[in-house]
Structures are given as structure tokens and as C-alpha cells.
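1. Sharing a model prediction with you, sequence too.
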Amino acid sequence: MKDLPLGLASFEEIRLEGNVYADKTEFLRKLLKSRKPYFLSRPRRFGKTLLVSTLEAILRGRRELFQGLWIDSSDYDWTAYPVIHLSMDSIYSDDPEEVKKELRHALDTIVSHESFSPDCLELLKSSPSPGTYLASLIQELHLKHGLKPAVLIDEYDSPIIRHLDQPEGADQIRKIFQQFYSALKHAEKDRGFTFITGVTKFTKASIFSALNNLVDLTLKRDYSQICGFTLEEFDALFQDHLVETLAYLKNEADWAADWTIEDLKREILAWYDGYSWDGETRVLNPWSVLNFFDSNSFSNYWYNSGNPNYIISVLKRKNFVLKYFSGENFINERINAIDLNEFSPLPVLFQAGYLTVKETRYEGKSKSYCLSSPNLEVTVSLCAKFLTFQKIDELDLDTLKLRAEPVGAAFQQNDALALEEAFHQFLSFLPVKLHSPSEGFYQTCLFFALALAGQPPKVEEPTGDGFIDAVLEVGDQKAGGKNIFIIELKYVPLTDLSGSQTGEVGTKPKKIDKSQNAARIKAILENKAQEALAQIEEKNYASKYLGLGHKVFKTALIVGERTEVKAIIEEIDSESSFEGSLGVIGDHR
């Protein structure tokens with residue numbers, strides 16, 4: 001069984017140590033044929049640095065490292081080119097002058113590996129700016145080797161991203177890199193193959209205006225698998241790891257006692273698969289997969305590896321979870337480019353990896369993208385992040401998940417009474433300071449609970465006559481189909497039923513005992529639940545789910561001011577429609 005390359009992004013190290021490696025060299029050979037300058041956007045921790053390292057080894061003619069890989073048996077000629085490889089992820093300073101020094105230091109390191117003449121060295125190091133230094137280095141390497149040097153820039157946007165939450169600082173840093181990257185244009189006649197990676201394509205970062213013919217690979221179908229593990233690669237690379245992990249889990253975790261390899265694989269895919277840039281090809285997050293097999297535990301590895309401040313500011317916006325992560329967002333604007341001065345949330349969240357392309361479609365001549373959360377890791381992580389926004393430090397995610405699991409189990413068992421108790425307990429567990437007297441808040445809580453239970457619902461699902469609060473699809477193992485719950489959630493303020501009744505004007509409120517108050521609350525919740533069921537009927541919310549071989553349930557979920565919960569689940573006759581009479585088969589209360 002091959003070792004996992006955790007913490008390794010050097011192609012040479014991975015190959016020499018015999019670690020797990022997904023062969024992407026066929027894609028790289030295709031790029032090298034055209035010699036055009038390329039740009040690729042992928043989320044952090046998604047294999048960009050390893051891809052650039054692999055390209056460098058190819059361009060330097062290190063054929064011995066590629067034995068057994070696709071490119072070794074191709075027609076590539078293995079000419080050894082000079083290479084300028086820069087990683088902008090190492091530029092950390094907030095001070096503009098220090099940033100310039102760091103850029104110069106990076107170029108000095110490259111120069112130190114070349115035997116330039118003293119006059120040439122003096123010329124290079126006396127360059128008035130990092131940009132002119134880069135342009136001169138490209139020219140001198142061409143003169144020295146007789147071959148145009150390749151330019152590889154990894155994480156080009158990293159220094160800019162670090163300062164996006166500080167507009168003034170971001171603008172200063174942007175101007176430095178604008179001048180630096182413009183050198184690529186000035187040295188065009190001496191520059192060879194050029195490949196640039198980043199998380200975000202900033203339209204005004206100058207690298208794209210400097211290279212007018214820069215080819216953006218981000219959304220191209222032919223390169224949708226260039227980073228990440230495809231399902232085929234996952235099966236080929238991790239079969240032994242699956243066997244070893246399953247044996248460990250069976251011995252250590254009661255919930256895995258009856259699992260098979262397919263059960264384990266299905267859960268891994270639910271947590272870490274789902275990323276797509278063309279709406280068809282799906283890939284697994286490589287960082288999360290490697291960490292999962294290393295620790296034998298499902299956790300939020302990618303999300304916990306760091307979040308840029310500008311992403312956090314986007315996520316703090318009102319209703320971010322419901323609006324962006326629990327449904328499907330169709331967008332026909334450019335999702336692979338962002339204006340530094342004015343960017344909308346969806347492209348930002350897509351490029352950063354918090355949303356992915358579920359499908360694409362054409363509306364007239366315009367292409368639109370359906371964006372949604374890629375997997376459970378991202379969805380569950382965002383639930384945790386919501387709690388940190390509310391400064392709820394005393395709750396840990398594992399404890400909250402334990403409270404959420406009975407909510408998911410109640411739907412699995414189609415048990416309204418269990419749902420009432422489970423959702424009440426989940427709400428009661430949340431600190432008082434988090435609660436908000438609104439339907440939207442409790443809708444968010446339902447989404448969080450089900451997401452933490454591994455069953456994220458669709459929220460605000462559009463229909464021909466409004467929006468369904470939530471739609472939950474649960475696999476029915478016995479019937480071989482699905483149970484689909486059409487959920488209408490309502491919040492009922494009960495402050496006027498706190499133990500007194502208002503009498504006539506000028507008289508004191510009449511006291512009522514606790515039993516009378518409880519009865520009145522119960523009656524109001526019941527009436528509101530019936531209203532919710534009627535709304536589902538009247539607005540034909542279930543119509544598009546009927547006749548597909550699944551069981552469909554209309555579900556009323558009512559929450560009172562003190563987290564009282566009433567639930568009613570009724571199965572809908574799949575042969576009927578809401579145009580006529582609605583057949584109710586069962587009433588589970």
C-alpha cells in the first residue's frame with residue numbers, strides 16, 4: 001500500500017518516495033503542445049501547487065521521474081528548458097516596501113541557481129523595480145540558454161486576497177503586482193510557456209490585461225479533471241486504504257459495524273466529492289481525502305485548513321446559508337471573474353470552493369450556471385461557521401451533531417412525535433442569545449439540524465406558485481425509492497399566552513392556570529399546523545414530486561416562542577393531484 005503524500009506538494013518528492021499520485025500528465029502534455037499562456041483557478045488545497053511542480057519537472061526534462069506515467073510513453077521530446085517558478089503564497093508582508101523586497105528575494109533565489117556573469121548579475125540586481133527585474137531575468141535566461149524560459153506562477157492572487165478586507169492596503173498591494181505582472185508583457189518575445197494559477201480571477205489585477213491572449217482553463221470541460229481525484233482515480237489509488245480504514249472503523253465505531261466497502265465509499269463521496277467546473281465531471285477534494293485516510297475519521301479537513309478574511313466577510317451577510325448553500329442558484333453573470341472594487345457573493349464563493357457547478361444550461365444565447373454546495377463537508381462546516389459568527393464559543397460541532405442526529409432520524413422513521421421532541425431538544429440546546437423571533441431563524445435551524453445529521457434539505461425551493469420552505473429527500477431502503485417531505489414551517493409568537501388573559505378595557509388581566517394556558521398553546525399550534533398543510537395543498541407544492549415512484553409527504557412544522565414544536569406528517573396519494581381532491585393515506589401525529 002502506497003503512503004499518503006500528506007503535506008507534500010513537490011512532484012519530485014512524491015515520486016521518489018513512491019507516494020500515492022494521480023496521473024495528470026496527459027492534460028499537461030496537451031497544454032505544452034500549444035505554448036499559449038494559461039491560467040487556472042481552483043480552490044486552495046486542491047492540487048494547484050503539485051500541478052505546477054509537475055509542470056516544472058517536465059519542462060526541466062526530468063523524464064526519470066515520470067516512468068510509468070502517461071507522458072512517458074507520449075511523443076513529448078523532453079527538452080530541458082530554463083524555468084522561472086514563483087510561488088506568491090510566500091509573500092506575506094503588509095508593508096508595500098517589504099512586499100517589493102520579498103519579490104526581489106524570490107527572483108534572487110532563481111538567479112542564484114544560474115551561473116550568470118558578474119556584469120549580468122549587476123544588471124539584474126540593479127533593476128529599479130521587481131517588474132523590471134523579472135523582465136530582465138526572462139531576457140537574460142533566453143540569451144544564456146538559447147531557449148525561451150518557461151514562467152510558472154503559483155497562487156498569483158494570494159497576496160491580494162490576504163488584504164481584501166482592508167481596501168486601502170489591498171489597493172497598494174494590487175498596484176505593486178500590477179507593475180510586476182506587466183513585465184510578462186514586456187518580455188513577451190523572450191518568454192516561453194507560461195502557466196499561472198490562483199483561487200480568484202481578478203479582472204483588474206493586470207495579469208489578465210498584460211497577457212491579452214491568456215487562456216482561462218477554469219471552466220473548460222477538457223480540463224475539468226486536471227485537479228482533484230475523479231471517481232476512477234479514487235478507486236484505483238485508494239482500494240487498499242479503503243480496506244484498512246473499514247477494518248479500523250468496524251473495530252472502533254459501532255455505527256460502522258455492518259458497513260461494507262461500498263457503504264464506506266458512499267459516505268466518503270457524500271462528504272468529499274461533488275466539485276465540478278463543467279456541471280458533468282465530479283472530483284473529490286484531494287486534501288480532505290488524504291486527511292480522512294490518515295485519521296480514519298469524517299471531519300472538515302479542507303474547511304479547517306484556513307479561510308481568507310474576505311470569504312468570512314461574504315459569509316457573514318444576512319441569510320447566507322439559506323440563500324447560497326441550501327438550494328440551487330442560477331447565475332448567468334461571469335462566475336470565473338471578479339471585480340476587485342465590486343464583487344457579488346456567488347462568483348466569490350464559487351471560485352473559493354464553497355459552491356460548485358451542479359449543471360449548466362443555455363437561456364437563449366447566454367450560458368447560465370446552477371451553483372450549489374458541493375458536499376457535506378462544506379455544508380456542515382458552514383453550520384459551524386454560523387455559530388462562530390454569533391460568538392457561540394461554548395458549543396463544539398461534535399456535540400451539536402449529536403443533538404441534530406435525532407432530527408434526521410425522525411424523518412428517516414417518518415415519525416412526527418419523534419420530530420417534535422427532537423427539534424424541540426435541538427432548539428433548546430442552542431443558547432438563548434442565538435434565538436431570534438422569526439420564521440427565517442427557525443427555518444435556518446431546521447436546515448442546520450438536518451445538515452449536521454447528514455441530510456441537508458433544499459430550502460426555499462421554487463414552484464409555480466411560490467416557494468417551499470424546505471424539501472427533504474430520504475432514501476427508503478425497504479421500498480427501494482425515496483420519501484420526499486414537503487415542509488412548511490411556521491413560527492407562532494405566544495407572548496399573549498404567558499399565563500393571563502386581557503379583559504375589558506380598564507380591567508386587570510384575568511389569571512389563567514397553567515393547564516388552561518398549555519391547552520390554548522396546543523390548540524394554536526394545531527390550528528397553525530392545519531393552515532400549513534392547507535397551504536401545501538392550495539399551492540400545489542408537491543405536484544412536481546408526484547408520479548415518480550416515490551412517497552411524498554406534506555409536513556407541517558410549527559415552532560412557538562418558547563421552542564414548543566408541533567409536527568404533522570401526512571402522506572399524499574401519488575395518483576392524485578392538487579387540481580382535484582387530495583387523497584390522504586395516513587395521518588401521523
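-> Received it, and whenever you're ready, just let me know what you need. Numbering: from 1, shown residues only.
2. Only C-alpha atoms from now on, for both contacts and neighbour counts.
-> Fine.
3. can I assume V471 sits in a helix?
-> No - according to DSSP: H, G, I helix; E, B strand; the rest coil, the state of V471 is strand, so it is not within a helix.
4. Could you check how many residues crowd around it?
-> 23 (other C-alpha atoms under 10 Å).
5. Relative to I84, how far out is it?
-> Summarising the geometry, the distance separating V471 from I84, computed by C-alpha to C-alpha, to the nearest Å, is 52 Å.
6. tell me the SS of L40?
-> In the three-state summary, L40 is assigned as strand, counting by three-state DSSP.
7. Go ahead and confirm it touches L214.
-> No - between L40 and L214 there is no contact, the gap being 10.2 Å when judged by C-alpha atoms under 8 Å.
8. neighbour-wise, which of the two wins?
-> Using other C-alpha under 10 Å as the criterion, L40 and L214 rank with L40 on top: 23 against 17.
9. per-residue confidence for that one?
-> L40 is assigned a pLDDT of 96 by the prediction.
10. Touching, E12 and L55? I think so.
-> No - with contacts counted by C-alpha under 8 Å, E12 stays clear of L55, the gap being 11.0 Å.
11. So which of those two has more stuff around it?
-> The neighbour count for E12 versus L55, taken as other C-alpha under 10 Å, is higher for L55 (22 against 19).
12. who touches the more buried one in this structure?
-> Residues counted as contacts of L55 (C-alpha atoms under 8 Å, 6 or more residues apart in numbering) are L28.
13. Looking at stretch 73-89 now, give me its mean pLDDT.
-> Averaging pLDDT along stretch 73-89 gives 96.
14. Over to stretch 435-453?
-> Within the predicted structure, the mean pLDDT of stretch 435-453 is 83.
15. ok, and the helix or strand in this protein with the lowest average confidence?
-> Among the helical and strand segments of the chain, the one scoring lowest on mean pLDDT, DSSP states H and E is strand 584-588, with a mean of 38.
16. What residues are bridge-paired with V492?
-> G560 (DSSP bridges).
17. Next: V474.
-> Partner residues in beta bridges with V474: N483, with DSSP bridges as the criterion.
18. So it is in contact with P457, correct?
-> No - between V474 and P457 there is no contact under C-alpha under 8 Å: 9.5 Å.
19. Those two: who's more crowded?
-> Neighbour count, other C-alpha under 10 Å: between V474 and P457, P457 has more, with 23 against 19.
20. how close does the more buried one sit to C445?
-> P457 sits 12 Å away from C445 when distances are taken as C-alpha to C-alpha.
21. And L143, by the same measure?
-> Note on L143: its distance to C445, by C-alpha to C-alpha, is 65 Å.
22. Of the two, which one has the most company?
-> When L143 is set against C445 and neighbours are counted by other C-alpha under 10 Å, the residue ahead is C445, at 19 against 13.
23. Chain neighbours aside, what residue packs nearest to that one?
-> When the adjacent residues along the chain are set aside, C445 lies closest to L427, with 7.6 Å between them (C-alpha to C-alpha, 6 or more residues apart in numbering).
24. buried residues in the helix or strand that neighbour falls within?
-> Here L427, judged by DSSP states H and E, is contained in helix 416-429. In terms of neighbour count (16 or more other C-alpha atoms under 10 Å), helix 416-429 has its buried residues at A416, L417, A418, L419, E420, E421, A422, F423, H424, Q425, F426, L427.
25. gap between the two ends of stretch 183-192?
-> Start-to-end span of stretch 183-192 (C-alpha to C-alpha) is 13 Å.
26. distance between that stretch and the chain's centre?
-> 36 Å (C-alpha atoms, centre = their mean, to the nearest Å).
27. Equivalent analysis for stretch 362-370, please.
-> The gap between where stretch 362-370 is centred and where its chain is centred comes out at 22 Å by C-alpha atoms, centre = their mean.
28. average model confidence for that stretch?
-> The average pLDDT within stretch 362-370 is 80.
29. Keeping just the C-alphas, turn it into CSV.
-> Extracted as CSV, the C-alpha positions of stretch 362-370 are listed here (Å, rounded to 0.1, in the frame of the first residue of the first chain):
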residue,chain,number,x,y,z
TYR,A,362,-28.4,27.9,-22.1
GLU,A,363,-31.1,30.6,-21.9
GLY,A,364,-31.2,31.8,-25.4
LYS,A,365,-27.6,32.5,-26.3
SER,A,366,-26.5,33.1,-22.7
LYS,A,367,-25.0,30.3,-20.7
SER,A,368,-26.1,30.0,-17.0
TYR,A,369,-24.7,28.0,-14.2
CYS,A,370,-26.5,26.3,-11.4
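30. Going by neighbour count, list what's buried in it.
-> By neighbour count on 16+ other C-alpha under 10 Å, the buried set for stretch 362-370 is S368, Y369, C370.
31. I am assuming the second one contacts T356, so please confirm or correct that.
-> This points to Y369. No - here Y369 lies out of contact with T356, judged by C-alpha under 8 Å, at a distance of 9.3 Å.
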